[in-house]
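[1] next input, structure requested:
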Amino acid sequence: TTTGGVDSYPYGSILITRNQTTGLFTMTRPNNLTYGFSSAVYNGTNTKYARLTYIKDASNNQFTFTYDHAKPGQGKLTRVDSPASDGRYIQLTYTGANLISSATLKLANGTAIDKVGYTYNTSGRLLTVKRNDQTPQIAYTYTDLISGSFHGYYIATISDKNANVYTNNYYYSYNEAWIL
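    Numbers count the residues shown, from 1 in each chain. Here you go, the predicted model:
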């Protein structure tokens, strides 16, 4: 249905709307969370992209998402603004391989109050998670598993900041891997 320049598309218990003038989309769930999306654009290969621009609850508390490129389907999420009245936000930075290298909680004036850093191996698998550039809070190792035509990389161990090591065991059957 169309009312006041807004197309509405009920999909089960979810309501999807599209503003005819701006092309912006929203999706509202039964719990009254509303997700706002940019207008959809083609990436040149007949694939449409619309990027998440905000999430708002029934009390109008809204998280806003900022990207480093204006065109959906390109660029990276660089900032998440909080609905907190003090203007706090999370700033994201990336490695040259477009993996998140840090997430920094900042005050409205740009002062960093907390930071989580991430490191990766040459295959792009997460190696460590550090808080405020301290000793790794969590560290990961991986194993390369091959069974017949099945091939995959799995977490072998997870170590916490207290040097506790957790391991995974894998079971193979009919080219499937199961974590036990």
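
[2] low pLDDT regions in the protein?
    41-47, 70-73, 145-152, 168-180 (pLDDT under 70).

[3] where's the most centrally placed residue in it relative to Ile90, distance?
    Centroid-nearest residue in the chain, with C-alpha atoms, centre = their mean: Leu77, separated by 8.3 Å. From Leu77 across to Ile90, the span is 10 Å (C-beta to C-beta, to the nearest Å). Where C-beta positions appear, they are placed from N, C-alpha and C, glycine not excepted.

[4] again with Phe65
    Going from Phe65 to Ile90 by C-beta to C-beta gives 10 Å.

[5] and those two? which has more neighbours close in?
    Ile90 (19 against 16; other C-beta atoms under 10 Å).

[6] beta partners for the more buried one?
    Val80, Leu105 (DSSP bridges).

[7] need the nearest residue in space to His69, chain neighbours excluded.
    Using C-beta to C-beta, 6 or more residues apart in numbering and skipping residues adjacent in sequence, the residue nearest His69 is Gly75, 2.6 Å away.

[8] element containing the closest residue to Asp7 other than its chain neighbours?
    The shortest distance from Asp7 to any non-neighbouring residue, by C-beta to C-beta, 6+ apart, is to Arg18 (4.6 Å). Assigned by DSSP states H and E, Arg18 belongs to strand 14-19.

[9] can you show me the CA trace of the helix or strand following that strand as CSV?
    Next along the chain after strand 14-19, taking DSSP H and E as the criterion, comes strand 25-28. Provided in CSV are the C-alpha atoms of strand 25-28 (Å, rounded to 0.1, in the frame of the first residue of the first chain):
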residue,chain,number,x,y,z
PHE,A,25,14.0,2.0,3.4
THR,A,26,13.0,1.0,7.0
MET,A,27,12.2,-2.4,8.5
THR,A,28,10.2,-2.5,11.7
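
[10] pull the residues that contact strand 25-28.
    14-19, 34-40, 50 (C-beta atoms under 8 Å, 6 or more residues apart in numbering).

[11] now find how far off-centre it is within its chain.
    Mean-position distance between strand 25-28 and its chain equals 18 Å (C-alpha atoms, centre = their mean, to the nearest Å).

[12] I'd like the next helix or strand past that strand.
    Downstream of strand 25-28, the first helix or strand assigned by DSSP H and E is strand 34-37.

[13] partners of that following strand in the sheet?
    Strand 34-37 is paired, per DSSP bridges, with strand 25-28 (antiparallel), strand 52-56 (antiparallel).
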